[in-house]
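# Whatever this is, show me its structure:
(2 chains)
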Amino acid sequence: MKKPIISIKNLVAKYGEETILDKISMDIFPQEVTVILGGSGCGKTTLIKNILKLYNPYSGSVKIFDEEVTTMDEQEFDDILSKIGMLFQNGALLNSLSIYDNVAIPLEQHTALPKKIIDKMIKVKLDLVNLSHAVNMIPSELSGGMKKRAALARAIALDPDILICDEPSAGLDPLTSANLDELILKLKDLLNMTIVIVTHELASIHRIADRIIFLDNGKLLFSGTLEEAKQTDIVEVRTFFEVGTF
Amino acid sequence: MEYREQSLFFDGELTKHTVPALSYNFAQVKNQLIVTLDLRMVTKIDSAGIAFIDEMLLQLDLEPGNSLYMNEIVKTAYNTFTSVGIKQAKIVVKEDHFTRLGSAFIIFLNSIKDGISLIADISYWSFVGIFNKKGQRKGSVIQQALFIGVDALGIIALLSMILGLILALQSAAQLRQFGANIFVADLMGVSMVTEMGPILTAIILAGRSGSSIASEIATMKVTEEIDALKMMAINPIRYIVVPKFHAITICIPLLVTASTLIGIFGGLIIAVTYLELSATVFVNRIFEVLTFRDAIIGLGKSYFFAWVIVIIGSYYGFNVKGGAEGVGKVTTQAVVASIFWVIILDAINSLIFYFKI
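Presented below is the predicted three-dimensional model:
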């Protein structure tokens, strides 16, 4: 069996007194697309933010690349973060910078690549998300879908080992969404990328998912392959795959 | 990387970690005759590696079709990550100086037009709003009055007291030399009532309420709340600006009066403790010197200061461009413009009343 690239044990996350994630244990395996599913407010985004230490876990263990990150200092964790790309739910582009400069940030900060190479990499990444024409635009001039694509270009700028996407298809038309799935699969194969996606799009899940993690009210309800998810006896999971809603 | 027989041979990894060193090595050999790049021994490649290949081909003036020897790993990555054939992104063309000057002038004219239109709108709806509260949220004037007036009273009182102490202390040192101690009361009375009280209050309100008005409206515009109000057939000026206009109109005379009295009290403390004047003499002297006209001038101009703060804050708020960045920018612009116009109005007021233009 493959060794997990991200391993979570008994993770508890709280907002004040309220428990958002209750003893979550799960593994994410390399070169797989893992989809995190669950109804609104079940803790999907909180789970991702706890893995990436954007929120500090209340208790439990998170290992990335076999290293415990909950106790890691900021500098050490920065090295880990440079190998992870994150696509936030609303893009989270820096509004004062052009799209070009947004994509350039990780390349300029984390590599010693010459300017001309960086130029070409940005050009390619923006072309992959069909935004070659938007190089000079600032985020406020883009539509919601375009912002998300630009943010994806920034997330894959460094060809990260792990790409985490929080609802990448939300706000995109079906065609762009399908192209995005195709791109995700291509990146997985070409760069041996591990991909973690939060999404509700059933069509997209069928296209790209290798493994499913199903959360319900902060608890892990199901973890397994896509095929296992379709055949499980757990009502919530089954209902979702049959009806497409929670 | 190795150069032999008019070829560059690569092996191992061609990734973001190895490309910086390889770029340096390439710069050393690129003047030799190179006709092919042999990448068949490359074991790992990423988009930085492909960008490096593209850059080498460009610098060597080679075509990828007949100059590249690739294995399957490189070929697959190359097909995805090559920048060859990607349509060049739009380049921003800088306008010449005359065009920019012309554009700036047109923008200036438009801003004057927009400003006048906004003043007309605010004035009209504020007047109408006195008699007809339709289109306003219930209790919004009180809520705004609490924020603009009550919440600001502490800082205005503190600064007025400090200003009064400073003003009295600075002038006392001079007046004492001539035995003209009593004139500190004249100075404190006239300056606080006609100038310092109104201007200090206006500057604090510009910083506090002007910034809050601009940022609130700008945020509402950016998040499409203004559009939502319009879609519900609610006039945004009537709903957002008019309560602020009414609130500031109610609060400004009270704040200016408080500021003036506290400033004079500061002067009184210095007069009693440092100039050895009695409090009764100081107060009597102030009543002798001050006229009703002074009080009217001081309070009258403070209304114009207050209205200009609301109008400028609203103008910048409604004209925000961009997202969060734009909100920050217009907030700063609103505060600077408010303080600027408060001082300009004060200068005009001084000219009108003192030189009787």
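# Show me which residues of the stretch 251-357 of chain B sit near chain A.
Residues of the stretch 251-357 of chain B found near chain A (C-beta under 8 Å from any C-beta of the partner chain) are B:321-326. C-beta: built from backbone N, CA, C; applies to glycine.
# Narrow the residues you listed to those in helices?
Among these, the ones falling in helices (DSSP state H) are B:324-326.
# What residues does chain A have near chain B?
Residues of chain A lying near chain B by C-beta under 8 Å from any C-beta: A:95-96, A:100, A:111-114, A:116-118, A:120-121, A:123-128, A:132-136, A:138-140, A:158-159, A:186, A:190-191.
# Report the buried members of the residues you listed.
Neighbour-count burial (16 or more other C-beta atoms under 10 Å in any protein chain shown) applied to the residues of chain A next to chain B gives A:95-96, A:100, A:111, A:113-114, A:117-118, A:120-121, A:123-128, A:132, A:134-135, A:138-140, A:158-159, A:190-191.
# who does the longest strand anywhere in chain B touch, helix- and strand-wise?
The longest strand of chain B (DSSP state E) is strand B:36-45. If contacts are counted by 3 or more C-beta pairs under 8 Å, 6 or more residues apart in numbering or on different chains; DSSP states H and E, strand B:36-45 sits against strand B:7-14, helix B:47-60, strand B:68-70, helix B:72-81.
# got a list of contacts for the second one?
Read it as helix B:47-60. Residues external to helix B:47-60 that are found in contact with it (C-beta atoms under 8 Å, 6 or more residues apart in numbering or on different chains): A:111, A:113-114, A:116-118, A:120-121, A:124-125, A:159, A:191, B:8, B:13-16, B:18-19, B:22-23, B:26, B:30, B:34, B:37, B:39, B:42, B:62-64, B:67-68, B:77-78, B:80-84.
# picking up where we left off before, just name the most buried of the helices and strands packed on strand B:36-45.
Ranked by mean neighbour count, these are led by helix B:47-60 with a mean of 23 (mean count of other C-beta atoms under 10 Å in any protein chain shown).
# Distance from the chain centre to it, please.
44 Å (C-alpha atoms, centre = their mean, to the nearest Å).
# So what angle separates the directions of it and strand B:7-14?
Relative orientation of helix B:47-60 versus strand B:7-14 (axes from the mean of the first three to the mean of the last three C-alpha atoms, to 10 degrees): 160 degrees.
# Quick check: mean pLDDT of helix B:47-60?
For helix B:47-60, mean pLDDT rounds to 93.
# What is the burial count for the nearest residue in space to residue B:35 that is not next to it in sequence?
Spatial nearest neighbour of residue B:35, chain neighbours left out: residue B:6 (4.8 Å); criterion: C-beta to C-beta, 6 or more residues apart in numbering or on different chains. For residue B:6, the neighbour count with other C-beta atoms under 10 Å in any protein chain shown is 10.
# Could you report the separation of residue B:6 from residue B:167?
86 Å (C-beta to C-beta, to the nearest Å).
# Show me what counts as buried in the helix or strand where residue B:211 lies.
Using DSSP states H and E, residue B:211 maps to helix B:211-222. Buried residues in helix B:211-222, counted by 16+ other C-beta under 10 Å: B:211-222.
# I'd like these as JSON lines, with distance to residue A:86 appended.
JSON lines is the format used below for the buried residues of helix B:211-222 (distance: C-beta to C-beta, whole Å):
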{"residue": "B:211", "distance to residue A:86": "33"}
{"residue": "B:212", "distance to residue A:86": "34"}
{"residue": "B:213", "distance to residue A:86": "36"}
{"residue": "B:214", "distance to residue A:86": "33"}
{"residue": "B:215", "distance to residue A:86": "29"}
{"residue": "B:216", "distance to residue A:86": "31"}
{"residue": "B:217", "distance to residue A:86": "33"}
{"residue": "B:218", "distance to residue A:86": "29"}
{"residue": "B:219", "distance to residue A:86": "26"}
{"residue": "B:220", "distance to residue A:86": "30"}
{"residue": "B:221", "distance to residue A:86": "29"}
{"residue": "B:222", "distance to residue A:86": "24"}
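# out of those residues, who's nearest chain A?
Minimum distance to chain A across the buried residues of helix B:211-222 is 8.0 Å, recorded for residue B:222 (C-beta to the nearest C-beta).
# which residues sit in contact with the closest one?
Shown in contact with residue B:222 (C-beta under 8 Å, 6+ apart): B:320, B:322-324, B:326-327.
# what residue ranges in the chain are flagged as low confidence?
In the absence of a named chain, this looks at chain A. A:1, A:244-246 (pLDDT under 70).
# that answer is for a different chain, and I need it for chain B
B:88-94, B:356-357.
# can I see the domain layout of it?
Structural domains assigned to chain B are B:2-81, B:133-354, following automatic domain parsing.
# and residue B:179, how many neighbours?
Residues lying near residue B:179 (other C-beta under 10 Å) number 8.
# how about it, secondary structure?
Secondary structure state of residue B:179, per DSSP: H, G, I helix; E, B strand; the rest coil, is coil.
# What segments of chain A are strands?
Using DSSP E, strands in chain A cover A:6-15, A:18-28, A:33-37, A:59-64, A:67-68, A:84-87, A:162-166, A:194-198, A:211-216, A:219-225.
# Not counting the shortest one itself, show me its contacts.
For strand A:67-68, the surrounding residues in contact (C-beta under 8 Å, 6+ apart) are A:61-62, A:80.
# partners of it, with directions?
strand A:59-64 (antiparallel) (DSSP bridges).
# So what's the gap between the partner strand and the chain middle?
On C-alpha atoms, centre = their mean, the centre of strand A:59-64 falls 18 Å from the chain's centre.
# what angle do it and strand A:18-28 make?
30 degrees.
# For the longest helix anywhere in chain A, which residues meet the burial criterion?
What stands out as the longest helix in chain A, according to DSSP H, is helix A:174-191. By 16+ other C-beta under 10 Å, the buried positions in helix A:174-191 come out as A:176-181, A:183-184, A:187-188, A:190-191.
# With chain A as the reference, measure out to residue B:35.
Distance, residue B:35 to chain A, by C-beta to the nearest C-beta, to the nearest Å: 22 Å.
# give the contact list for that residue.
Residues in contact with residue B:35 (C-beta under 8 Å, 6+ apart) are B:6-7, B:62, B:67.
# Which residue is the nearest non-sequential neighbour of residue 69?
Since you didn't name a chain, this refers to chain A. residue A:62 (5.2 Å).
# you looked at the wrong chain, it should be chain B
In this structure, residue B:69 finds its nearest non-sequential neighbour in residue B:38, 4.5 Å apart by C-beta to C-beta, 6+ apart.
# Who does that neighbour form a beta bridge with?
residue B:9, residue B:69.
# which one's the longest helix in chain B?
Using DSSP H to define each element, chain B has its longest helix at helix B:97-131.
# Tell me the buried residues within the residues of the stretch 251-357 of chain B next to chain A.
Burial by neighbour count, 16+ other C-beta under 10 Å: within those this picks out B:322-323, B:325-326.
# and those as CSV, adding distance to residue B:147?
Compiled in CSV, those are given as follows (distance: C-beta to C-beta, whole Å):
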residue, distance to residue B:147
B:322, 26
B:323, 25
B:325, 26
B:326, 23
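# which of those residues lies closest to residue A:145?
Nearest to residue A:145 among those, counting by C-beta to C-beta, is residue B:323 at 16.1 Å.
# list the contacts for that closest one?
Residues counted as contacts of residue B:323 (C-beta under 8 Å, 6+ apart) are A:95, A:139-140, B:222.
# Tell me which entries of those residues lie within helices.
Judged by DSSP H, the contacts of residue B:323 include residue B:222 as members of helices.
# and the one helix or strand residue B:315 maps to, which residues are buried?
Following DSSP H and E, one finds residue B:315 within helix B:292-318. Within helix B:292-318, the residues that count as buried by 16+ other C-beta under 10 Å are B:294, B:297-299, B:301-302, B:304-318.
# ok, residue B:216 - contacts?
Residue B:216 is in contact with B:240, B:317, counting by C-beta under 8 Å, 6+ apart.
# What distance do you get for it to residue B:143?
Using C-beta to C-beta, residue B:216 is found at 12 Å from residue B:143.
# With residue B:176 instead?
Look at residue B:176 and residue B:143: by C-beta to C-beta, they are 49 Å apart.
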